[in-house]
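S.K.: sequence isn't available, so here's the structure alone:
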């Protein structure tokens, strides 16, 4: 299976090589490395690896924990192939080519781009500010793996951000900037794996995608969650 492994490590020569060797010795085949952050002598890296389905992840975690200064922030299952920013442009091209299904295209594609489990386009009521906790959001469109009913956090259409709910589910949330529409992406905790929270660079990436789609789709977004028009009889 395909796994995403997020590691915080000292930003010094040789440490990345130690992590890569440990992954290989443990049985992981590295297919992509993405540097999410380099700050204050530390780095945060995402490794996408092919992992033998029958092998125990504990062996991998133990090997990484033995490297001085290395911390594993999360290990979780990734859906689809490793992604690059070039795929963001391809997604926007698909949205522009078929705007009638543009929102559905975005919502279905985002989980694969961000190694997430599911996504929904949620509609926040216009009076959200007067409600306790800003709740009351409804689902306008959900990706194929979203739970029914979708377990939405308390979302408000203000800014892109990450958050974690009490059940351990990590969310990335970003508004479209119109009609109270908000994109919610989730990584769920499983019995054997623990996903990492969404990094600020991932939230920024999602925000850029949503803003671009909002420009492409325009007034179509105002119709999300609206009741269908009533057709008068003869």
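M.R.: Done, it's in. From a predicted model like this one, the values you see are computed outputs, not experimental measurements.

S.K.: longest helix in this protein, please.
M.R.: helix 200-217 (DSSP state H).

S.K.: show me how far stretch 160-174 is from its chain's centre.
M.R.: Here stretch 160-174 is found 10 Å from its chain centre; the criterion is CA atoms, centre = their mean, to the nearest Å.

S.K.: mind listing what's buried along that stretch?
M.R.: For stretch 160-174, burial by neighbour count (16 or more other CB atoms under 10 Å) applies to 160, 161, 162, 169, 170, 171, 172, 173, 174. The way it works is simple: take the backbone N, C-alpha and C, and place the C-beta from them, glycine included.

S.K.: which residues are in contact with it?
M.R.: Residues outside stretch 160-174 that contact it (CB atoms under 8 Å, 6 or more residues apart in numbering) are 114, 116, 151, 153, 155, 159, 175, 182-189, 194-200, 202-204, 206-207, 210.

S.K.: farthest-separated two in the buried residues of stretch 160-174?
M.R.: 160 and 169 (17.6 Å; CB to CB).

S.K.: for the closest residue to residue 69 other than its chain neighbours, the count of nearby residues, please.
M.R.: The shortest distance from residue 69 to any non-neighbouring residue, by CB to CB, 6 or more residues apart in numbering, is to residue 10 (4.2 Å). Residue 10: 16 surrounding residues under other CB atoms under 10 Å.

S.K.: ok, residue 10 to residue 222 distance?
M.R.: As judged by CB to CB, to the nearest Å, residue 10 and residue 222 stand 49 Å apart.

S.K.: swap in residue 161?
M.R.: From residue 161 to residue 222 the distance is 24 Å (CB to CB).

S.K.: do residue 166 as well
M.R.: 33 Å.

S.K.: tell me where the protein has helices.
M.R.: 15-26, 57-65, 85-97, 102-113, 200-217.

S.K.: show me what the longest one packs onto, helices and strands only.
M.R.: If you count contacts as 3 or more CB pairs under 8 Å, 6 or more residues apart in numbering; DSSP states H and E, helix 200-217 packs onto strand 29-39, helix 85-97, helix 102-113, strand 161-164, strand 170-175, strand 181-187.
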